[in-house]
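> sequence plus the predicted model coming up.
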Amino acid sequence: MAIAGALVIPVNRDDEKNLVVKLNLLPGVEVQKSGLRGIAVVLEAEDTETIKDISKQIEQWREVIGFELAYLNWEELSKGND
Amino acid sequence: MNITRRAFVKSAASAAAISMSGLVSGKAFADSAIQFHRAQCRFCGTGCTVLAGVKGGRVVSVKGDADSPINFGRLCMKGYQLAHIMDGKDRLTKPLVRQGDGSFKTVSWEQALDLVAEKFAKLIESEGPDSVAWYGSGQNTTQEAFAANKLFKGIIGTANVEGNPRLCMASAVGGYLNTFGADEPAGGYDDFEKADCYFIIGSNIAENHPMLFRRVIDRKSAYPERIKVIVADPRYTPSARYADLHLKFKPGYDMHLLNSMAQVIVEEGMVDEEHLGYCSFRKGLKTAGEFTDLAAFKLFLADYAPEKVADQVGVPAADIRKAARWYGQQGRTALSLWCMGINQRTKGVQLNCQIHNLHLLTGKIGKPGSDSLSLTGQPNACGGTREQGGLTHLLPGHRAVANAKHRQQIAGIWGLPEDRLPKKPTGPAINMFMRLAEKKIKAIWINTTNPGQSLPEVGKYRKAMQEAFTVVSDVYPGRTTELASVILPSAMWVEKEGIMGQTDRRSQFISKAVEPPADAKSDFWQIREVSSRIAKKLGVKTDFRVLDPENGNVKTTRSVYGLGFKTEKEAWDEYRLCTRGTDVDLWGATYEKLKAHSGGVQWPCPSTDFKNRGSAKRFISKAYAEEHFANTRTAYKTGYVTLYDQHMQDKGLDGPVNYYGAHPFHAGSKGKAIIRVMAAGLSFEMSDELYPYVLNTGRVIEHWHTGTMTMRVRMLKEMNPGAYVELSPEDAGKLKVDNGDMLKIVSRRGEIVLPAWVTKRAQPGMVFVPWFDENKLINLLTISDPKSWSGAGEPDYKVCAVKLSKA
């Protein structure tokens, strides 16, 4: 299990609302906060490779100018309430 | 509250992401046991102010300083990982000496320092001072660089002092000197919030100076129609993706592009006639060419009309015109930003001058929002090297080795006889390594840099380093330590105290927050200890002057073997004295001020008044400053700043705009800026039939320079674990290469095999390879031929010819 925190920077402020919707539709992605300076998201996936794939995917969106990872944890974590 | 580990990790991830935006959540750093120490980021030349959180003697968290006028509390991906750069498992912690069988043996500091001093002193005595050398870094603190300069140029008496800023910023220095007669920009970061047009050329600012790019985004987001972002770059980088206009020129054809923009500006009447009163025109660089005028310049530019050069440049004529208009329209401000794509080029100095030309023609300089601002690559390239004089031809305070008066001034402050100082420079960095290869230099001390990976045509010079007596001070083993005779383990970042100077004439304080691991020691301590040993062996005493902090008068003098100053603060005070009365006046940058003010001080700062933080602009008169910058305190968010360059009044110069013109390159200018008239030229090695592609090298967002620090941060390594080659879809089709296929790249100097990344970032006919990967030395392929250097001795890392084949 890997969990990451990242900042997604939209190209235009006008894109922000649509981008939040689009991000929330991605499996494993949760938008935490959005504002003038970007959209803070948490990514959760099976492994870091998948996190990388998701981040590459987001980075390629035309509405996105930057995807900056702030935190990455890949210790053994159960999805359950352990 | 019962919280699962998974929920805790998610909460930490969320807090980190939110705080990265500068909007620190209340919970993110709520641990009251954490003590925060102010410092500056260790990576790029932006100089973001950070707060290093210490708990139990370790840095456990890092956050952006919300009070900072540079990054406003935000940090980038690398900055956020600063806490982890010190924790690599293979950290060097003991001095090591190479044995006859090639292995390294751990020794005590006494043994290591004695060995270094003995070897250097013997060589100096038997073969002269030029048999030894120092190769430092834009990552040394200013005190370290100053100490090394005093040791080598003062105590030893050699001009063999160079550093890696030669490979990154020398062309920018040449540009400023040729145009303004003084190094470093007129404006600074405050201009970001006043600019109407950003002209970004040869810089992937989105990845390499991310916090400055955020300021561009903020401005553009606030005024999307008015603000225009132009990016000129052969690659379709994230910066280019954001731009309103991407000028995707063919690699090597930017001189044509810049002359073409100048042509439109002149032809379409966007010249500021009043401002031209403060400028002159001169053919070529330095003083060889004759002075000319606007009419002749207009005639000269006729050959560069967009319609004439568009095919050659690879940019539609209409786009060149559009860029020139967005930039040049009167009543709008313009901020130019550039970095290695301009500097690391055969024509690097000319390119820098051409960028300044556009500002001078349009009068877009010395005004709020307008500046010709060269971005620096390293956190102290400006402070430790350009200002302090960490290159062969320089002395502290923008002084010259070849100038007798300057030597006299510095010898006086250093407390050394004037005749100990070298009278002329030896040679720039690559020349120094050439002399190492020729065994003219027999011992070299490499400090805080990794030339075994970063020099062009590195294979040649790796052998030279291995065969010489090479001392390497570093924090981790790497491609240079493996060549060393002696390895000295260094403290890093907040394990030591120091001052660093950035892009916009700014100096900031880094406070020591934690102890270095085991026996690692600060580079300042290392230089001080070696200095006293060498000085004793050579019998050279220094008359160190203890100064009155208020007025700089000498309180007492002590005669010692060595540098004289014992602490970083004493070294800084001596350095401040070196700058007093020069254009880089840091006399007012006292320790107390630097410690207290987030974002530090911008020179010139002659005043020791605690509230005075120096000059946000220079080359302007008091009257002009009062008229145009009256509301700066609020608008620029920099706190109290002095906007008037006090030297101007002292020298009896008036405004509204004027220039120093003190440098010999600027002779005959009568205090005016010089618009350089230069025919477009190409890089040393363009593609040809045998080598039909252009190789471009550079940095990526995840890693910094040779990856010594960032490849030890697991998150950054996971995100970008190794080098690759960017290849255009068109070329991939021709070569029948898919993503991940191995591609062989061959230049006239070497070859390498790398996985391909097929991407529209690359344009047909060019490839890009990052240089952070120590296992894939792309610099085996790059050029070090002196004919490829810019006029400032900087090699060309951006354009060399290669051929490609599927491996």
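Happy to help now that I have it.

> quick one: buried residues of the host helix or strand of A:K17?
Assigned by DSSP states H and E, A:K17 belongs to helix A:16-25. By 16 or more other CB atoms under 10 Å in any protein chain shown, the buried positions in helix A:16-25 come out as A:16, A:19-20, A:22-23. In short, each C-beta sits where N, CA and C put it, glycine included.

> mind listing the strands the next helix or strand after that helix pairs with, and their directions?
For helix A:16-25, the succeeding helix or strand toward the C-terminus, using DSSP H and E, is strand A:29-35. In the sheet, strand A:29-35 lines up against strand A:38-45 (antiparallel) (DSSP bridges).

> what angle do the partner strand and helix A:16-25 make?
Here the directions of strand A:38-45 and helix A:16-25 differ by 10 degrees (axes from the mean of the first three to the mean of the last three CA atoms, to 10 degrees).

> which residues does strand A:38-45 contact?
A:1-10, A:16, A:19-20, A:23, A:28-34, A:51, A:54-55, A:66, B:10, B:13-14, B:17-18, B:20-21 (CB atoms under 8 Å, 6 or more residues apart in numbering or on different chains).

> can I get that strand in CSV, CA atoms only?
Extracted in CSV, the C-alpha atoms of strand A:38-45 (Å, rounded to 0.1, in the frame of the first residue of the first chain):
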residue,chain,number,x,y,z
GLY,A,38,-3.5,24.7,-6.2
ILE,A,39,-5.5,21.6,-5.3
ALA,A,40,-4.2,19.4,-2.4
VAL,A,41,-4.9,15.7,-3.0
VAL,A,42,-4.2,12.4,-1.4
LEU,A,43,-3.5,9.4,-3.6
GLU,A,44,-3.8,5.9,-2.4
ALA,A,45,-2.7,2.9,-4.4
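
> can you give the contact residues for stretch B:427-443?
For stretch B:427-443, contacts defined as CB under 8 Å, 6+ apart pick out B:119-120, B:123, B:127, B:130-133, B:135, B:160, B:162-164, B:166-167, B:170, B:391-392, B:426, B:444, B:451, B:455-456, B:460-461, B:463-465, B:467-471, B:784, B:786, B:789, B:792-795.

> just the ones of the residues you listed in strands?
Secondary structure from DSSP state E places B:132-133, B:135, B:162-163, B:444, B:469-471 of those in strands.

> nearest to chain A among these?
Nearest to chain A, judged by CB to the nearest CB, of those is B:G163 at 30.1 Å.

> got a list of what that closest one touches?
B:135-138, B:140, B:145, B:384-385, B:390-391, B:429, B:449.

> write the PyMOL selection for whichever of those residues are buried.
To isolate the buried ones among the contacts of B:G163 in PyMOL, judged by 16+ other CB under 10 Å, type:
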select buried, chain B and resi 135+136+137+138+140+145+384+385+390+391+429+449
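
> possible to save the contacts of B:G163 as a markdown table with pLDDT?
Putting these into a markdown table (pLDDT from 0 to 100) gives the following:
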| residue | pLDDT |
| --- | --- |
| B:Y135 | 98 |
| B:G136 | 98 |
| B:S137 | 97 |
| B:G138 | 97 |
| B:N140 | 97 |
| B:A145 | 98 |
| B:G384 | 97 |
| B:T385 | 97 |
| B:G390 | 98 |
| B:L391 | 98 |
| B:A429 | 98 |
| B:T449 | 98 |
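
> about what we covered before: from the contacts of stretch B:427-443, list the buried ones, please.
B:119-120, B:123, B:130-133, B:135, B:160, B:162-164, B:166-167, B:170, B:391-392, B:426, B:444, B:451, B:455-456, B:460-461, B:464-465, B:468-471, B:784, B:789, B:792-795.
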